[in-house]
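Chemist: need a 3D model of the following:
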Amino acid sequence: MKTNEIIRIIIFSLIGAIIMFLGQPLLYRLKILRILNMDVEAWINNHYILGGTVVFAVSVLSTVIWYLITANAKAHKAEEVAKWELVWWLFLLFPLLSLFLAIGFFKGSDDALGPLTIFLCLTYYYYFGCQLQPVPWGLKFVPPGSIKLRSFFGE
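Modeler: Okay, the predicted model is just below:
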């Protein structure tokens, strides 16, 4: 991995962490999103932070592993790229399973289930966003939506 690739992953991770652990809980604390049947601060500390940490950590770990294994990958033919698509989809299962785990075990309140699901899905989308990181040319368009995301950023 090149230094700029590592820096991009760190920056994406920091932005994701700020949104996940400061911005989203603030919406509950300011009562923009309401939880009626339990103490908001207790729910954030006991359920939201734990569930968010699980999803975020698994997403970051999956992203880092994806880049470590593709950094030296050789994919010049369509058949080789197709094999890497399967690997990418398998790595996508880890954040997806962590999302289900967090929603199922850490929801704490039925009032919070809708917004929690949305926020955790946004964190899950982090995994897609990080796919903008530089990877070998033949693999940079493997993740779904990467063509549109890369064109948005002028790549």
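
Chemist: and the helix or strand harbouring Y67, what does it pack against?
Modeler: For Y67, the host element (DSSP states H and E) is helix 49-70. In terms of contacts (3 or more Cβ pairs under 8 Å, 6 or more residues apart in numbering; DSSP states H and E), helix 49-70 is packed against helix 3-18, helix 78-106, helix 110-129. Backbone N, C-alpha and C define where each C-beta goes, glycine included.

Chemist: which of those sits closest to A71?
Modeler: helix 3-18 (8.0 Å; Cβ to Cβ).

Chemist: for the closest one, which helices and strands make contact with it?
Modeler: Using 3+ Cβ pairs under 8 Å, 6+ apart: helix 3-18 touches helix 49-70, helix 110-129.

Chemist: where among those is the average confidence lowest?
Modeler: With a mean of 68, helix 110-129 has the lowest mean pLDDT of the helices and strands packed on helix 3-18.

Chemist: hang on, the earlier thing: looking at the helices and strands packed on helix 49-70, which is closest to N37?
Modeler: Closest to N37 of those is helix 110-129 (Cβ to Cβ; 6.0 Å).
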